[in-house]
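J.: Sequence and predicted structure below; questions after.
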Amino acid sequence: METEFRGTPPDPDCGAASPHTEWLRPRLGITPEQAEAARKIKKRTPDMTAGEIAALLGDGATEADVKLALATIRTRNPRRSRATLNATLQAGALVEHEARPGEPRWATVDRLLGELMQLRAVVAGLSMGSHAAERR
């Protein structure tokens with residue numbers, strides 16, 4: 001088995017909306033910059049209404065435009081039980097390779113991280129021990 005792990009970095013546009021998704025979204029009566037500003041305002045002050053945000057934006061922004069812009073905002077789920085971990089294809093392949101029969105992938109990742117932490121502790125202990133021996 002390889003002793004070195006090398007993954008490839010994600011593409012510069014990873015995480016961006018698909019062009020197909022962009023095409024399907026309704027057209028807004030405000031600019032993309034105004035839509036982004038409306039989303040930032042809503043994230044900063046969640047109690048602010050679409051009408052209030054439209055008034056802040058000015059330049060003919062309407063409440064309906066702001067509501068459409070806010071419809072695509074991503075919000076965190078405060079009750080989520082797990083988070084998504086983005087990884088390279090090589091990292092995914094490593095997890096698949098290291099999985100035990102019938103072991104869920106999340107359990108494989110937990111086990112591999114636990115083993116890594118144990119190895120780090122052993123290496124740290126050995127390096128501390130060697131420094132102590134050098135001092136004597």
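T.: Done, it's in. Since we're looking at a predicted model, the values are computed, not measured.
J.: in the chain, which ranges drop under the pLDDT threshold?
T.: Along the chain, segments meeting pLDDT under 70 span 1-10, 75-77, 80-83, 129-136.
J.: For it, just list every one of the helices.
T.: For the chain, the helices defined by DSSP state H occupy 19-24, 32-44, 50-57, 63-71, 89-98, 105-135.
J.: Put together CSV for these, with distance to residue 13 and mean neighbour count on each row.
T.: Yep, even glycine has a C-beta here, placed from its N, CA and C like the rest. As requested, the helices of the chain are exported to CSV (distance: least, Cβ to Cβ, whole Å; neighbours: other Cβ atoms under 10 Å):
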stretch, distance to residue 13, mean neighbour count
helix 19-24, 10, 9
helix 32-44, 16, 16
helix 50-57, 27, 18
helix 63-71, 21, 19
helix 89-98, 17, 13
helix 105-135, 26, 11
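J.: Select, out of these, the one closest to residue 11.
T.: Proximity to residue 11 (Cβ to Cβ) singles out helix 89-98 among the helices of the chain, at 11.9 Å.
J.: Quick one: list the elements packing against the closest one.
T.: The contact analysis (3 or more Cβ pairs under 8 Å, 6 or more residues apart in numbering; DSSP states H and E) places helix 89-98 against helix 105-135.
J.: now for the helix it packs on, which elements pack on it?
T.: helix 89-98.
J.: Now distance to residue 78 too, for the helices of the chain, in CSV please.
T.: Below are the helices of the chain laid out as CSV (distance: least, Cβ to Cβ, whole Å):
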stretch, distance to residue 78
helix 19-24, 25
helix 32-44, 14
helix 50-57, 22
helix 63-71, 18
helix 89-98, 28
helix 105-135, 21
